[in-house]
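Q: need coordinates for the following:
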Amino acid sequence: FPVTIFDPTLYSRIQNAIANVTQFASRYKGNVAFLSAAELKDALLELNTLISPMMMVSQYANLRQTIDTQDPHITALVDRVETDDATLSNKLVFFELELGKVPILIQQKWLSDAVLQDHHYYLSMCFKMAATQLTELEEQWITLKDMTGSDAFGRMVTELVSSFEFEWEYQGTPYIVTGK
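A: The predicted model follows:
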């Protein structure tokens, strides 16, 4: 993985992930209910492969910010990653929504197929959560809203707590403890 936050491969990984997810959506959107168990397994494996680079960049950026919450370059990277992650999520939200709308008989068929054994929990949760999901547009709007709502508040608290420093003495030796 990159040694520095200025490594251009960070941004190319993000752009590649978004481009690949766009292609994924063009192939599967509107077709999820018609997939065989083997095709669904392939789609799920592909989906995992597509989002993994973005997850790695996100984890890297957030870990770097944990180390130094005051570095504006790291903060800019985290902001960029969060914005692009929302874009990626909004391009993929259709998949879980469509899985949740699959007729019960197809759900049961998929869950009983050994090909999808490793994906049983994920599929079960998609089917179960379908009753609480909104439309695709509403789910996308919530993702965008959260960036400046509850998610932003959580980031602010983390940054604030991480900036605290306390002097502490243990067995006669003074220490500076931070919230990092």
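Q: count the neighbours of Gln108 for me.
A: 12 (other C-beta atoms under 10 Å). Bear in mind the C-beta positions are built from the backbone N, C-alpha and C, glycine included.
Q: that one and Ser124: what is the separation?
A: 11 Å (C-beta to C-beta, to the nearest Å).
Q: likewise for Thr69?
A: If you go by C-beta to C-beta, the gap between Thr69 and Ser124 works out to 38 Å.
Q: cool, and Lys145?
A: From Lys145 to Ser124 the distance is 28 Å (C-beta to C-beta).
Q: figure out how far the helix or strand of the chain with the lowest mean pLDDT is from the centre of its chain.
A: Lowest on mean pLDDT, DSSP states H and E among the helices and strands of the chain sits helix 150-162, with a mean of 77. Here helix 150-162 is found 18 Å from its chain centre; the criterion is C-alpha atoms, centre = their mean, to the nearest Å.
Q: and what of stretch 114-122?
A: 21 Å.
Q: now do that stretch, average pLDDT.
A: For stretch 114-122, mean pLDDT is 98.
Q: which residues sit in contact with the closest residue in space to Lys91 that isn't next to it in sequence?
A: In space, and not counting its chain neighbours, Lys91 is closest to Val21: 4.9 Å by C-beta to C-beta, 6 or more residues apart in numbering. Val21 sits next to 50-51, 88, 91-92 when contact means C-beta atoms under 8 Å, 6 or more residues apart in numbering.
Q: could I get those residues as a markdown table with secondary structure?
A: Shown next, in a markdown table, are the contacts of Val21 (DSSP: H, G, I helix; E, B strand; the rest coil):
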| residue | secondary structure |
| --- | --- |
| Leu50 | helix |
| Ile51 | helix |
| Leu88 | helix |
| Lys91 | helix |
| Leu92 | helix |
